[in-house]
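In: Need a 3D model of the sequence below.
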Amino acid sequence: MNIFHIVSAADWDAAVAAGSYEADSLATEGFIHFSYAEQVAATANRYYRQLDGLQVLEVDPTAIPAELRIEESPASGEAFPHVYGPVPPAAVVAVHPLTRDAAGDYAFSPGA
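Out: The predicted structure is shown next:
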């Protein structure tokens, strides 16, 4: 099952050029936050509502050399995937635009 990460287009372009993706949270929290497909829209609306130009990386977790842990969010108790190291661009199987619905809320469907 693939996992998903919300990122700005500029940050992703820089990661591809550098050959490795490291979100700010890797330095501050020790891991990179990921979501399952059904969690992406809620995460985007909760944390990124004011931002535009976001993309969603679809990542094959078996292609990441770093440790992957499924951990509960202290705020909600919901389980989320966390990656404890950099993500190689080759692990990204697709990059999806993060779009808004008619009400202005983020909506996400990886197959759309």
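In: which residues of the chain fall in strands?
Out: Applying DSSP state E to the chain gives strands spanning 3-8, 32-33, 54-59, 68-72, 79-83, 92-97, 99-100, 106-107.
In: Can you check which of the ones you listed gets nearest to residue 14?
Out: Each of the strands of the chain has some distance to residue 14 by C-beta to C-beta; the shortest is strand 3-8, at 9.3 Å. Glycine gets a C-beta too; all of them are placed from N, C-alpha and C.
In: now what about that closest one, what contacts it?
Out: Residues from elsewhere that reach strand 3-8 (C-beta atoms under 8 Å, 6 or more residues apart in numbering): 15, 21, 23, 32-37, 39-40, 43-44, 47-48, 51, 53-59, 61, 68, 81, 83, 87, 98, 108, 110.
In: Go again with 7 Å.
Out: Residues from elsewhere that reach strand 3-8 (C-beta atoms under 7 Å, 6 or more residues apart in numbering): 32, 34-37, 40, 43-44, 48, 53-59, 61, 81, 98.
In: Contact partners for residue 37?
Out: Listed by C-beta under 7 Å, 6+ apart, the contact set of residue 37 reads 4, 110.
In: Next one: residue 35 relative to residue 19, how far apart?
Out: Here the criterion is C-beta to C-beta, to the nearest Å. By it, residue 35 lies 24 Å from residue 19.
In: What of residue 34?
Out: Remark: distance between residue 34 and residue 19 (C-beta to C-beta) = 20 Å.
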